[in-house]
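>>> I need the structure of the sequence given here:
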Amino acid sequence: MIPVYPNSKKLELSDRADVERITKKFLPYSDFNFTSMWSWNVHNKMSISKLNGNLVVRFTDYQTGKPFYSFLGNNDPSGTARALINLSKKQGLEPRLRLIPKDSIDGIDSSFIVQDDRDNFDYIFDLSKLESYKGNDFETHRRLCNRFMHSHPNVSTKALNLEDSIIQNSILNLMNKWEKNKIDHGKEARLNFELAAIKRLFSVNTKNLVSIGIFINEIMIAFCTNELLYSGWAISHFAKGNLSYKDVYSYLMQQNAKFLLKEQRHLLNYEQDLGVSGLRYSKNSFRPLYLLKKHTIQLASK
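Next up, the predicted model:
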C-alpha cells in the first residue's frame, strides 16, 4: 500500500498494482510508468507516497542522479505543488518540481510559475505509419529501410525472451558495441545509468514485456524492448542498434511497429530525448503524432 504524505516508502516491485491504479487514469507518461520507474531506480533511492489522492514520486535525475519531486494527478494541484516545494526546501533540494504531466497542472493557481520541460516531452507515434513508411514524410526512412534489406537479404526478426541469460548477454554486448562506436567517432555516449537500468528491467517479471531482436547470421545487431499497456498503447523502454550496420534504426522501427500492431497496439510512447541533440533529431525524423508534454513548477517571486 502506498503511504499517505508526509509518509513515504521506497519503491518495491510489489508496488506495481497500487501505482498502476493511479497511473491508468491518465495518458501513459513515461516517467510514471511503473516498469520505467523500477528500471531507472538504479540508486534504489526512489520513494513514493500519495498526497490529495495524487501519486507523489521522489525521483533521481536520469543523468546526474540528483533527487527531485514530481506528482501525477489532478486533485488540488496547487496545494500538492506547494507542499512538495516546501518539502524540497526542507530537504535541501532545488525548490522546483519537474516532470509534471500536463494533466497535473490544469487549474493550478497564479502563485506558481509553470514552464515547459521540453527535454522530457514524450514522443508519441502512430504505429500504422511506422509500419508502412508511406508518404512524403517517410520518404527518407522508406529509402533507408529498403537499402538495409537489399544490403542484408539474410536479416531476420525474432521475439526475445528477456529472462534468457543468453539474450541478456547479447543485449548488453550490443549496448557496449554501441557505446564504443559512439566514442570512436568522437560522440558523447553515457551508458553507465542505462546499462544499470536495463539490468533492472531483466528482473521485472511481467507478461506485458515484449521485445524484438534484429539478427544477421544469428548475431543480434539491434533490439527494442516494449511494454504492452492499456487502451491500445505500448511504450518502448530501451532500443539500440549496432551502428556498424547503416540504416539499422529505420529497419528496427518498422519491424517493431509491425510486431506491436500484431499485439493490437496502435500508439507508441517512445519516451523523451533528455535534450540530447542527436536523439532529438532521430526521434523527430520518425514524425511523431504529437509530444506528450511535461512541465516544471516553482513558486513565483513575491
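>>> low pLDDT regions in the stretch 51-200 of the chain?
Confidence mapping of the stretch 51-200 of the chain against pLDDT under 70 gives the ranges 188-190.
>>> Could I get the phi/psi values of the residue lying closest to residue 253 once chain neighbours are set aside?
Setting aside the residues directly before and after it, residue 253 is nearest to residue 130 in space (CB to CB, 6 or more residues apart in numbering), at 5.5 Å. To be clear about C-beta, it is placed using only N, CA and C from the backbone, and glycine gets the same treatment. Note on residue 130: its backbone torsions stand at phi -70, psi -30 [degrees, to the nearest 10].
>>> So residue 130 is in contact with residue 251, correct?
No - look at residue 130 against residue 251 with CB atoms under 8 Å: they stay out of range, at 11.2 Å.
>>> hang on, the earlier thing: check contacts around the residue nearest to residue 253.
Residues near residue 130 by CB atoms under 8 Å, 6 or more residues apart in numbering: 253, 254, 256, 257, 268, 286.
>>> Apply 10 Å and report the result again.
With contact set as CB atoms under 10 Å, 6 or more residues apart in numbering, residue 130 has these partners: 138, 141, 250, 253-258, 260-261, 268, 270, 286-287.
>>> in the stretch 101-250 of the chain, which spans are strands?
Ranges of strands in the stretch 101-250 of the chain, per DSSP state E, counting those that start in this stretch, are 112-116, 122-126, 155-160, 209-216, 219-228, 233-241.
>>> List the buried residues in the longest one.
Neighbour counts over strand 219-228 (16 or more other CB atoms under 10 Å) mark 220, 221, 222, 223, 224, 225, 226, 227, 228 as buried.
>>> average model confidence for it?
What strand 219-228 shows for mean pLDDT is 97.
>>> any idea how far residue 100 lies from residue 225?
26 Å (CB to CB, to the nearest Å).
>>> circling back to that earlier point, would you turn the strands of the stretch 101-250 of the chain into JSON lines with distance to residue 39?
Output for those, formatted as JSON lines (distance: least, CB to CB, whole Å):
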{"stretch": "strand 112-116", "distance to residue 39": "25"}
{"stretch": "strand 122-126", "distance to residue 39": "16"}
{"stretch": "strand 155-160", "distance to residue 39": "16"}
{"stretch": "strand 209-216", "distance to residue 39": "11"}
{"stretch": "strand 219-228", "distance to residue 39": "9"}
{"stretch": "strand 233-241", "distance to residue 39": "7"}
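>>> could I have whichever strand or helix holds residue 56 exported to CSV, CA atoms only?
Using DSSP states H and E, the element containing residue 56 is strand 54-60. This file holds the C-alpha atoms of strand 54-60, laid out as CSV (Å, rounded to 0.1, in the frame of the first residue of the first chain):
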residue,chain,number,x,y,z
ASN,A,54,-2.2,12.1,-6.3
LEU,A,55,0.9,9.9,-6.8
VAL,A,56,4.0,11.6,-5.5
VAL,A,57,7.4,10.4,-6.6
ARG,A,58,10.8,11.4,-5.3
PHE,A,59,12.9,10.8,-8.5
THR,A,60,16.6,10.9,-9.1
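>>> who does the host helix or strand of residue 71 touch, helix- and strand-wise?
Using DSSP H and E, residue 71 sits in strand 67-72. Here strand 67-72 touches helix 16-23, strand 47-51, strand 54-60, helix 77-90, strand 97-101, strand 294-299, going by 3 or more CB pairs under 10 Å, 6 or more residues apart in numbering; DSSP states H and E.
>>> which residues sit against the fourth one?
Read it as helix 77-90. Contacts for helix 77-90 (CB under 10 Å, 6+ apart): 5-6, 8, 49, 51-54, 56, 58, 67-71, 73-74, 76, 93-97, 100, 103-112, 114, 297-299.
>>> and with 8 Å instead?
Contacts with helix 77-90, where a contact means CB under 8 Å, 6+ apart, come from 5-6, 51-52, 54, 56, 68-69, 71, 73, 94-97, 100, 104-109, 111-112, 297-299.
>>> Now list the buried members of these.
Buried among the contacts of helix 77-90 (16+ other CB under 10 Å): 5, 51-52, 54, 56, 68-69, 71, 73, 95-97, 100, 104-105, 108, 112, 297-298.
>>> quick one on the thing from earlier: show me how far the strand holding residue 56 is from its chain's centre.
Chain-centre distance of strand 54-60: 16 Å, with CA atoms, centre = their mean, to the nearest Å.
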